[in-house]
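S.K.: Provide a 3D model corresponding to the input given below.
(2 chains)
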Amino acid sequence: MTDTTRKTPPPAPGRAAVSPRYRVRRPAAPARSWQNRPLRRITPWLFLLVPLALLITFTYVPVGNMLYYSFTDWDGVSPRRNFTGADNYVQLFTRPELFRVFAVSLYYLAASAVQITIALYFATVLSFDLRFRNLFKAILFFPYLINGVAIGFVFLYFFQDGGTLDSILSWFGAGGGHAWLGDPASANTSLAGVSVWRFTGLNFVLFLGAIQSVPGELYEAAQLDGAGKWQQFRHIIAPSIRPVLGLSAILAVSGSLSVFEIPYIMTGGATGTSTFVIQTVKFAFQFNKTGLASACAVVLLLIILLITWIQRRLVPDDKVDLV
Amino acid sequence: MTVTTPTPRTAARRRLRAGPVLIHLSLIVASLVVLTPLVVVFLTSLKTSEEVADTAGALSLPNDWLNIGNYVTAFADGHLLAALGNTAFILFFSITGTVVIGSMTAYAIDRFDFRFKKLIMGLFLIATLVPGVTTQVATFQVVNALGLFDTRWAPIVLYLGTDIVSIYIFLQFIRSIPTSLDEAARLDGANAFTVYRRIILPLLKPAIATVVIIKGITTYNDFYIPFLYMPSEGHGTISTALFRFKGPFGAHWENISAGAVLVIVPTLVVFLFLQRYIYNGFAQGATK
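M.R.: A predicted model of the protein is given here:
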């Protein structure tokens, strides 16, 4: 890419004008200004060649193939694949055990609500000048940066029998012996808790940034007018973070539907903690049901696109001014 | 929070007068919730296996604070050095590639008018909406067909090909660079590539810093892609090598903890040095 661009002659605006013969011999490049040259017309494409090739190969080709696979019974390996129509989709929607994994998402959805609330509280609090403000900010944000596998292990130990949680509870006299990851309800709650621990920091930093972008005079004016702290929150802080809040809500929903890492690392999807993505990965790479897995992926993709579309309709985002 | 008196300060230094005790209390509780699981794992990493098996509890202190035996085991038997090498290799190529590709795309889209420009921008925009986790079923086949499966190039091309966020960050930034600079260079006879290389790229430095940080941390932490595409032992990254601790170390929590600490420490160091950039970078990256 680099080479191609370099080899092309530099568009020198002066040269064509100075030497008329040059212009006659090369009628392809007669332009008075470089803007009209054909070279100018291909230049952007030279810059876009590699990015577009990558975009198409790794986003659009897979999406297209996925749609196609979802109507076949392909196993991912054999050269033979039979067109089975909507059979995979029928299976997906009629076998309740395949769709049940979506119930697990509800735990993560609830966790996201908790997470956003906590983040909102700390962002409001830390937008004021407190002692150790930066230290607290750093501590709250740090979990978001930690490697997911490391988090998985940290919390496996945390929830283990006689592990961190049991030890802490025993200080307060609460009896241990509860297997936190032992039954579906408790395991999913625990895993959703880990997700709160991990992602609150990101929401918090987003909210804090939005709150701090409000000019200070606004608060002063409000105070002069006798607005209390609650009124300031209600009328100044809340509107300023509304776009970010909308974004966080959408990330929360699509995030809860596509949970993978934490439950896969911690429980492998056992004891009722399997999520839709874990199930899809298992279909595709353990049971060689590429067709069915593709149908799952298409359904998830459609749901996420739908949610995003609804969000765009509800909260028109002024930041997306690209198209 | 509710009962403060007005303060004659600017907003940056607004002070909270009442209720600071409760607020500090909540902050301290939150910090404990964040730090306790991490500290316990650090403590465990310094214990001997007898101490861990001992019923003294997870929060007991190690007898020997300088017991680095577990770290040695984790590092040597856990193949962490090879993993570090693989991760560094992937990081280098995917970060360099992202910066080059992202800035070139942004340059082409922002500085040129060409046919199908709207279409191209639409393609990039729609791609941001497609969550990577969903398409791996089919992406796998593409990577396989390209013969990249179980090589270190698989994650590299995937990180390059599916990273739209960086393009957005560059695009946003490139708009703030006045076009008069390009035009001046053009008049001096510079071609499009020279303008990109000599003017745009150097001025994009802050955006490059942001992209390098975000990309670096997310690549270092990524588990899904190396896990799917590089199953063989020799191709472990930091994440997948740590994941494999589960088998051989079974219930040896002291070794697993040491491995986890080894993986977390680099992140902590980077965070401590680049805090400001990291907050801004992730805030920018997430709102795109």
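S.K.: quick one, longest helix in chain B?
M.R.: Under DSSP state H, the helix in chain B containing the largest number of residues is helix B:253-286.
S.K.: and that helix, what's buried?
M.R.: Going by neighbour count (16 or more other CB atoms under 10 Å in any protein chain shown), the buried part of helix B:253-286 is B:253-264, B:267, B:270-271, B:274, B:277-286. For every residue, glycine as well, the C-beta is placed using N, CA and C.
S.K.: who touches the host helix or strand of A:Arg242?
M.R.: A:Arg242 belongs to helix A:238-257 when elements are defined using DSSP states H and E. Identification of contacts with helix A:238-257 by CB atoms under 8 Å, 6 or more residues apart in numbering or on different chains yields A:102, A:105-106, A:108-109, A:111-113, A:115-116, A:119-120, A:123, A:199, A:203, A:206-207, A:209-211, A:213-214, A:276, A:300, A:303-304, A:307-308, A:311, A:314-315, A:317-319, B:131, B:286-287.
S.K.: just the C-alpha atoms of it, please, in PDB.
M.R.: Coordinates of each C-alpha in helix A:238-257 appear next as PDB, following Å, rounded to 0.1, in the frame of the first residue of the first chain:
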ATOM      1  CA  ALA A 238     -29.100  14.400  35.300                       C
ATOM      2  CA  PRO A 239     -29.600  16.100  32.000                       C
ATOM      3  CA  SER A 240     -25.900  16.300  31.300                       C
ATOM      4  CA  ILE A 241     -25.400  12.600  31.600                       C
ATOM      5  CA  ARG A 242     -28.600  11.600  29.800                       C
ATOM      6  CA  PRO A 243     -26.800  10.600  26.500                       C
ATOM      7  CA  VAL A 244     -24.200   8.600  28.400                       C
ATOM      8  CA  LEU A 245     -26.900   7.000  30.400                       C
ATOM      9  CA  GLY A 246     -28.700   6.000  27.300                       C
ATOM     10  CA  LEU A 247     -25.500   4.500  25.900                       C
ATOM     11  CA  SER A 248     -24.800   2.600  29.100                       C
ATOM     12  CA  ALA A 249     -28.300   1.200  29.100                       C
ATOM     13  CA  ILE A 250     -27.900  -0.100  25.500                       C
ATOM     14  CA  LEU A 251     -24.500  -1.500  26.400                       C
ATOM     15  CA  ALA A 252     -26.000  -3.100  29.400                       C
ATOM     16  CA  VAL A 253     -28.700  -4.900  27.400                       C
ATOM     17  CA  SER A 254     -26.500  -6.100  24.600                       C
ATOM     18  CA  GLY A 255     -23.800  -7.000  27.100                       C
ATOM     19  CA  SER A 256     -26.200  -9.100  29.200                       C
ATOM     20  CA  LEU A 257     -27.200 -11.000  26.100                       C
END
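S.K.: check which element follows it along the chain.
M.R.: Under the assignment DSSP H and E, the closest C-terminal helix or strand after helix A:238-257 is helix A:261-266.
S.K.: by contact count, what packs against that following helix?
M.R.: Applying 3 or more CB pairs under 8 Å, 6 or more residues apart in numbering or on different chains; DSSP states H and E, we find helix A:261-266 packed against helix A:148-159, helix A:184-212, helix A:276-285.
S.K.: can you name the residue of chain A nearest to chain B?
M.R.: A:Gly216 (2.3 Å; CB to the nearest CB).
S.K.: just give me the neighbour total for that residue.
M.R.: Neighbour count for A:Gly216, taken as other CB atoms under 10 Å in any protein chain shown: 14.
S.K.: for B:Leu181, list the residues it contacts.
M.R.: Counting by CB under 8 Å, 6+ apart, B:Leu181 makes contact with B:Ile199, B:Leu203.
S.K.: hmm, back to that, buried residues in the helix holding A:Arg242, which are they?
M.R.: Of the residues in helix A:238-257, those buried under the neighbour-count criterion (16+ other CB under 10 Å) are A:240-241, A:243-257.
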